[in-house]
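Colleague: Give me a 3D structure for the following:
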Amino acid sequence: MADSHRIQPLRRLLLAGLFSLAAGLSHAQGSQPIRILVGFPPGGGTDAIARVLADKLKDQLGAPVVVENRAGAGGQIAAQALKASTPDGHTFFLSHDHSISILPLVTKNPGFDPAVDFVPVAGFATFANALAVSGATPAKSLPEYVRYVQANGGKDTVGIPAPASIPEFLVGMVARKYKLDLQAAPYRGSAPMMQDMLGNQIKAGVASIPDFIEYQKAGKLRVVAVIGDKRQALLPDVPTFTELGIAGLEELPYYGIFAPAGTPAPVLERFDQALAKVIAMPDVRERLTGMGLTVDYQPQAAFAQRVKSYTQTWAGIIKASGFTPK
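Modeller: All right, here's what the predicted structure looks like:
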């Protein structure tokens, strides 16, 4: 009984300390802007998604939320900036799978280790990469694009948003399937790649549906194949690569929020809860769905498991391809 009397005040003291810490962090977050780092230039799909969320998060967090573009190297620069940031709840990283899962598999020294330097905060969507052809080509399907390339010497250049990315491996899989000489041309993000596609500087490109969807709707390019184990709701007439005989591309990439390692748990929980409320808003879900995302909110623990599983899947695919990290 005496031990119980001593433990109860200690518990109250610990709880009071935790509440004080959370309140202090909440006040600190509200005193200066919260940055959301994006690893790609303005105008691309990832940037647009970040701005939709930032606009709503400011009300939930009670502080200005700004999108900061740190473009280059497929998100590597932004990831390094996250690692270097102070883990005080003022800096987060909105990223898809490439920067977190793929870069460490294809780069000898990316300058960060996601498992050590970052902590997943929450996931909010999945999406599909796709192969699209420019509106200036006659092709309206993947078989028609293949015949178009065959009729032009069997060679073509296919744009990709970043080197050593899933789009690059996808180009290689298509080339091997149809015995074509397809050269992947890396860009600094999807926005400049898209401009070259629209200008017919390149005849085809691989990127995410959020990058392609508005141009697809406008008839300026044609998506001819998507990854995943089923067709995308926005593109019900477009077959999957699996349907077309290219297996291994069934698992969908993710979008999520990350923080620097060492960020206090109350901060992570507060941001997680704020993001959950934003993602549940009908207008936000409508906008994200309209961009080609499948809204799929996952809290911290579930999202961490998704990232781990996805990384393991692609580690096997990349190893099997014979790719050597550079």
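
Colleague: And for Val116, nearest residue in space, chain neighbours not counted?
Modeller: Distances taken as C-beta to C-beta, 6 or more residues apart in numbering put Ala261 closest to Val116, at 6.6 Å, once the chain neighbours are dropped. From N, CA and C alone the C-beta is placed, and that goes for glycine too.

Colleague: For my notes, confirm Ala122 occurs in a helix.
Modeller: No - assigned with DSSP: H, G, I helix; E, B strand; the rest coil, Ala122 falls outside any helix and is strand.

Colleague: pretty sure it contacts Ala304?
Modeller: No - Ala122 is not in contact with Ala304 according to C-beta atoms under 8 Å; the separation is 9.7 Å.

Colleague: These two: who's more crowded?
Modeller: A direct count of neighbours by other C-beta atoms under 10 Å for Ala122 and Ala304 places Ala122 higher, at 23 against 18.

Colleague: measure Val171 to Ala225 for me?
Modeller: 12 Å (C-beta to C-beta, to the nearest Å).

Colleague: if I look at Ala225, how far off is Ala132?
Modeller: Ala225 is 9 Å from Ala132, by C-beta to C-beta.

Colleague: Once you drop chain neighbours, what's closest to the spatially most central residue of the chain?
Modeller: In the chain, the centroid-proximal residue (C-alpha atoms, centre = their mean) is His96; its distance is 1.3 Å. Excluding its sequence neighbours, the residue lying closest to His96 (C-beta to C-beta, 6+ apart) is Tyr255, at 5.1 Å.

Colleague: Report the secondary structure state of that neighbour.
Modeller: Applying three-state DSSP: Tyr255 is strand.

Colleague: Then Ala302?
Modeller: Three-state assignment for Ala302 (three-state DSSP): helix.

Colleague: repeat for Ile36
Modeller: strand.

Colleague: How about the contacts made by it?
Modeller: Ala50, Leu53, Ala54, Leu57, Val65, Val66, Val67, Glu68, Phe92, Phe93, Leu94, Ile257 (C-beta atoms under 8 Å, 6 or more residues apart in numbering).

Colleague: Which of those sits closest to Leu82?
Modeller: Leu82 lies nearest to Phe93 out of those, by C-beta to C-beta, at 4.3 Å.

Colleague: So the closest one versus Met194, what's the distance?
Modeller: 23 Å.

Colleague: Report pLDDT for the residue nearest to the centre of the chain.
Modeller: Model confidence at His96, expressed as pLDDT, equals 94.

Colleague: now swap in the one 10 residues further on and tell me
Modeller: Val106 is assigned a pLDDT of 96 by the prediction.

Colleague: Nearest spatial neighbour of it, chain-adjacent residues omitted?
Modeller: The nearest residue in space to Val106 (C-beta to C-beta, 6+ apart) is Ala164, at 3.8 Å.

Colleague: Same check on Ala304?
Modeller: Pro120 (4.5 Å).

Colleague: which residues in this structure form helices?
Modeller: 2-31, 45-61, 76-84, 97, 103-106, 114-117, 142-151, 166-178, 190-198, 209-217, 265-279, 282-290, 300-321 (DSSP state H).

Colleague: Give me the domain ranges for this structure.
Modeller: What the record gives for the chain is the domain set 27-127+253-321, 129-226, from automatic domain parsing.

Colleague: Tell me which of these sits nearest to Leu244.
Modeller: It's domain 129-226; of those, that one is closest to Leu244 (C-beta to C-beta) at 5.7 Å.
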